[in-house]
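Colleague: sequence unavailable; structure follows:
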């Protein structure tokens, strides 16, 4: 393995990217998927209302009928730039997730494809691992708290909780996936 740089990724929008010395929350961007619908303001008789003063005097007044709709997406440019420094990327694979909606499952699959493409384009060797595999090997239950506690023990200088105590389980998963891979490599050497 030598001096290879390894990154581990939990692919969700609340996921994370972990390197040996640091972690990053999954980079996301807010994208407008439907613009706001703007209509002319009308008086009680149905006539368009004119602006009476100010820099827009004489123009018709408008109002928003329905607000714009936005969606959160992975920031693939940022993910790609982070992965350029990696030689190996360990990505948590996604299987069937019971209880999730079809839309959520489709989004997760789309995100997984984007991350795989970023890793491939960055020239990284890609390794996938199922969540139940790395958690079983590290003797972790499905609960989030033990994973966060292990990540804190592995990297005490990094933060896996918000100041108010919210668990950053995606970051913790990424850090533990990295630990799983490094442990597996050490066992194969010895």
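Modeller: Nice, thanks for sending it over. Bear in mind that the values here come from a model prediction, so they are computed numbers and not experimental data.

Colleague: residue 184: what secondary structure?
Modeller: Secondary structure, DSSP: H, G, I helix; E, B strand; the rest coil: residue 184 is helix.

Colleague: how close does it get to residue 101?
Modeller: Per C-beta to C-beta, to the nearest Å, residue 184 is found 34 Å from residue 101. Quick note: C-beta positions are derived from backbone N, CA and C, even for glycine.

Colleague: and the helices in this structure?
Modeller: Secondary structure of the chain (DSSP state H): helices at 76-83, 102-121, 131-137, 144-154, 169-189.

Colleague: who touches the second one?
Modeller: To tie it back to what came earlier, the one meant is helix 102-121. Helix 102-121 has contacts (C-beta atoms under 8 Å, 6 or more residues apart in numbering) with 9, 11-13, 74, 76, 79-80, 83, 86, 89, 91, 93-94, 96-97, 100, 126.

Colleague: now that helix: buried residues?
Modeller: Buried residues in helix 102-121, counted by 16 or more other C-beta atoms under 10 Å: 107, 108, 111, 112, 114, 115, 116, 118, 119.

Colleague: before we move on, what's the pLDDT of the residue located most distally from the centre of the chain?
Modeller: Most distant residue from the mean C-alpha position of the chain: residue 45, 50.2 Å away (C-alpha atoms, centre = their mean). Residue 45 is assigned 89 on the pLDDT scale.

Colleague: likewise residue 97?
Modeller: We have a pLDDT of 64 for residue 97.

Colleague: could you list the domains of this protein?
Modeller: According to automatic domain parsing, the chain comprises the domains 6-27+75-189, 36-74.

Colleague: may I see the buried residues of the last one?
Modeller: Looking back up the chat, that one is domain 36-74. 73, 74.

Colleague: and it, how far out from the chain's middle?
Modeller: Domain 36-74 sits 35 Å away from the centroid of its parent chain (C-alpha atoms, centre = their mean, to the nearest Å).

Colleague: circling back to that earlier point, save the helices of the chain as JSON lines, and put in distance to residue 163 and mean pLDDT too.
Modeller: JSON lines is the format used below for the helices of the chain (distance: least, C-beta to C-beta, whole Å; pLDDT from 0 to 100):
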{"stretch": "helix 76-83", "distance to residue 163": "24", "mean pLDDT": "96"}
{"stretch": "helix 102-121", "distance to residue 163": "27", "mean pLDDT": "89"}
{"stretch": "helix 131-137", "distance to residue 163": "27", "mean pLDDT": "93"}
{"stretch": "helix 144-154", "distance to residue 163": "15", "mean pLDDT": "94"}
{"stretch": "helix 169-189", "distance to residue 163": "15", "mean pLDDT": "88"}
